[in-house]
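> test case, fold it:
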Amino acid sequence: MPNQQAHLTDTICHAVTAEHREFALRDSCQRNLSLRVRPCGSKTWIVRLRRNGAATRVSIGSYPDMGVKKARDATSAVLAGQAVASRPMLLFGAFCAEHERRYAQSLKASGLRTYRIYVRTQLLPAFGKKQLSALTRVDVVRWFERYSATSPGGANRALGILGQMLECAKRWGRLPNNWSNPVAGIRHNRRRTIGTFLSKLQMARLGAVLASRSGLGCTASAVLTALLLTGCRVGEMMELRWTDIGADRLRLRDSKTGARDVPLGSAARRFLTAHHKRSSPRPGGDARVFPISARDGYERVRTVWRSIRAESELPNCLRIHDLRHSFASHAIMAGESLFTVSRLLGHRRIQTTARYAHLADSALLYGAERIGALIMKQALPPPRRNTPPRPSETLEVSHV
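Take a look at the predicted model:
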């Protein structure tokens with residue numbers, strides 16, 4: 001819709017819809033007033049005027065927070081050089097409710113729970129009573145440094161949520177056009193790589209224990225075996241259904257990064273075939289592959305994991321998620337590229353995969369030996385040949 005002029009009413013302003021490009025509706029009653037409609041759906045009141053001979057625009061509020069009548073009164077006040085008393089000062093706490101309603105409700109259930117925890121415990125106590133447009137970089141840095149002293153990872157996550165909220169506020173017309181996000185440029189805390197991976201000997205001991213318990217019908221042990229063979233997460237395996245298993249891949253309906261396919265190797269296919277025979281699901285049913293109660297399923301798997309970890313003589317610090325780390329590390333040590341492993345794990349960023357790419361000492365020594373041999377071969381001159389000289393190279397000796 002191109003820019004148009006009309007006698008604006010609340011009915012018209014409510015009915016107008018966003019398009020792929022920004023446009024404005026000019027008020028024929030108050031010619032300096034227009035309603036700007038952005039592609040994101042925000043509707044902002046704009047006053048056009050001249051200051052010091054130059055044309056300028058002033059944002060006086062947003063619709064529907066400010067109706068047509070109030071917008072015209074505010075426009076008259078701006079043109080008369082008066083302060084706009086009718087424009088409300090939006091507090092950060094009030095904007096949090098709007099942001100959750102317009103944005104956060106689209107998050108997955110687990111993501112929404114995490115979002116609400118950080119907003120309630122960190123962002124609202126720190127900034128809830130501050131005006132949204134009055135947040136400064138100093139305020140954000142001080143809060144971030146205090147939080148980082150006790151929880152660096154949590155501070156990173158909360159800072160990301162705050163930055164995204166402020167970007168939405170600007171996009172929705174809650175902040176002036178020339179406002180800059182105070183979160184931009186603040187460096188996150190360095191992430192400490194936690195977790196480890198199983199050596200070949202540890203993998204052999206764990207595999208023997210898992211095979212023994214899975215053969216006895218322990219469902220939690222079967223879950224752990226599937227994690228080791230596919231690199232998936234616990235929640236992804238526990239939600240897996242028999243109808244999601246194809247000839248050579250799994251179809252995850254919902255994962256941390258959305259629905260995705262997981263290719264299956266021959267070992268994983270043999271395991272799933274054997275597990276299918278043991279479990280004997282109803283034909284044509286949509287039953288879970290690992291029928292564990294969704295409410296306490298993870299706790300049950302973790303309890304069995306502790307027992308298996310002790311029986312396999314593994315370190316007590318080893319977590320279930322380290323099976324995923326082991327999958328990635330052994331794949332890379334076997335010669336697979338980071339890109340391939342990243343796709344297998346379902347990572348969006350290859351940098352995430354690189355954090356899991358631990359290498360055993362033997363792999364490092366083999367790499368150093370191979371690189372050293374290559375350099376020596378190229379750097380040193382070739383050995384001298386012990387061959388008789390050519391006739392042309394023979395020296396003539398004169399006899400006296």
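
> quick one: list the elements packing against whichever strand or helix holds K170.
For K170, the element it lies in under DSSP states H and E is helix 152-171. Using 3 or more C-beta pairs under 8 Å, 6 or more residues apart in numbering; DSSP states H and E, the elements in contact with helix 152-171 are helix 92-102, helix 109-118, helix 137-150. C-beta here means a position set from N, CA and C on the backbone, and glycine is covered the same way.

> of all the ones you listed, which one is nearest R31?
Among those, the nearest to R31 by C-beta to C-beta is helix 92-102 (30.9 Å).

> show me how far the closest one is from its chain's centre.
Mean C-alpha position of helix 92-102 versus that of the full chain (C-alpha atoms, centre = their mean, to the nearest Å) differs by 22 Å.

> now do it and helix 152-171, the angle between them.
Counting by axes from the mean of the first three to the mean of the last three C-alpha atoms, to 10 degrees, helix 92-102 lies at 80 degrees to helix 152-171.

> buried stuff in helix 92-102?
Neighbour-count burial for helix 92-102 flags 92-93, 95-96, 98-100 (criterion: 16 or more other C-beta atoms under 10 Å).

> flag the shaky bits of the stretch 151-300 of the chain, pLDDT-wise.
The stretch 151-300 of the chain contains residues with pLDDT under 70 at 191-195, 257, 282-285, 293-295.

> just the helices in it please.
Assigned by DSSP state H, counting those that start in this stretch, the helices in the stretch 151-300 of the chain fall at 152-171, 200-215, 219-230, 234-238, 266-279, 297-311.

> now do the last one: which elements does it pack against?
Packing partners of helix 297-311 (3+ C-beta pairs under 8 Å, 6+ apart): helix 200-215, helix 219-230, helix 234-238.

> export the first one to PDB, keeping only CA atoms.
Included here for helix 200-215 are C-alpha records, laid out as PDB according to Å, rounded to 0.1, in the frame of the first residue of the first chain:
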ATOM      1  CA  LYS A 200      38.600 -47.000  23.500                       C
ATOM      2  CA  LEU A 201      39.100 -49.100  26.600                       C
ATOM      3  CA  GLN A 202      36.400 -47.300  28.500                       C
ATOM      4  CA  MET A 203      34.100 -47.600  25.500                       C
ATOM      5  CA  ALA A 204      34.600 -51.400  25.400                       C
ATOM      6  CA  ARG A 205      33.800 -51.800  29.100                       C
ATOM      7  CA  LEU A 206      30.700 -49.600  28.800                       C
ATOM      8  CA  GLY A 207      29.500 -51.400  25.700                       C
ATOM      9  CA  ALA A 208      29.800 -54.800  27.400                       C
ATOM     10  CA  VAL A 209      27.700 -53.700  30.400                       C
ATOM     11  CA  LEU A 210      25.100 -52.000  28.200                       C
ATOM     12  CA  ALA A 211      24.700 -55.100  26.000                       C
ATOM     13  CA  SER A 212      24.300 -57.300  29.000                       C
ATOM     14  CA  ARG A 213      21.600 -55.100  30.600                       C
ATOM     15  CA  SER A 214      19.800 -54.300  27.300                       C
ATOM     16  CA  GLY A 215      19.600 -58.100  26.700                       C
END
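
> coming back round to it: which of the buried residues of helix 92-102 lies closest to I161?
H99 (9.4 Å).

> and the angle from the helix holding K170 to helix 137-150?
Helix 152-171 runs at 150 degrees relative to helix 137-150, counting by the same axes, to 10 degrees.

> mind checking the helices and strands packed on helix 297-311 for the one nearest to I117?
Evaluated over the helices and strands packed on helix 297-311, closeness to I117 peaks at helix 234-238, with 18.0 Å, by C-beta to C-beta.

> which residues does the closest one contact?
223, 226-227, 230, 252, 255, 288-290, 292, 294, 297-298, 301, 320-321 (C-beta atoms under 8 Å, 6 or more residues apart in numbering).

> now swap in stretch 21-36 and tell me
Residues outside stretch 21-36 that contact it (C-beta under 8 Å, 6+ apart): 1-8, 12-13, 16, 37-39, 43-49, 63, 68, 71-72, 75-76, 79, 173.

> buried residues in stretch 54-69?
58-63, 66-68.

> that older thread, adding pLDDT, write the buried residues of helix 92-102 out as a markdown table.
What follows is the buried residues of helix 92-102, written out as a markdown table (pLDDT from 0 to 100):
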| residue | pLDDT |
| --- | --- |
| F92 | 92 |
| G93 | 90 |
| F95 | 91 |
| C96 | 92 |
| E98 | 89 |
| H99 | 92 |
| E100 | 90 |
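
> columns distance to A169 on top of those, output as a markdown table?
Listed next are the buried residues of helix 92-102 as a markdown table, based on distance: C-beta to C-beta, whole Å:
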| residue | distance to A169 |
| --- | --- |
| F92 | 9 |
| G93 | 13 |
| F95 | 6 |
| C96 | 10 |
| E98 | 9 |
| H99 | 8 |
| E100 | 13 |
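
> report the two of those separated the most.
Among the buried residues of helix 92-102, F92 and E100 lie farthest apart (C-beta to C-beta), at 12.8 Å.

> residue contacts, the nearest residue to L112 once chain neighbours are set aside?
In space, not counting the residues next to it along the chain, L112 is nearest to A104; the distance is 5.9 Å by C-beta to C-beta, 6 or more residues apart in numbering. The contact partners of A104, by C-beta under 8 Å, 6+ apart, come to 112, 115-116.

> neighbour-wise, which one of these leads?
Y115 (22 neighbours; other C-beta atoms under 10 Å).

> could you work out the end-to-end span of stretch 230-247 for me?
For stretch 230-247, the first-to-last residue distance is 15 Å (C-alpha to C-alpha, to the nearest Å).

> mind checking how far it is from the chain centre?
Its chain's C-alpha centre and that of stretch 230-247 lie 21 Å apart, by C-alpha atoms, centre = their mean.

> could you do stretch 149-165 as well?
With C-alpha atoms, centre = their mean as the basis, stretch 149-165 stands 13 Å off its chain's centre.

> and if you look at stretch 201-215?
33 Å.

> if you compare the helices of the stretch 151-300 of the chain, which one is most tucked away?
Highest mean neighbour count among those (mean count of other C-beta atoms under 10 Å): helix 219-230, with a mean of 24.

> contact partners for A71?
Counting by C-beta under 8 Å, 6+ apart, A71 touches 27, 30, 33, 35, 45, 60-61, 63.
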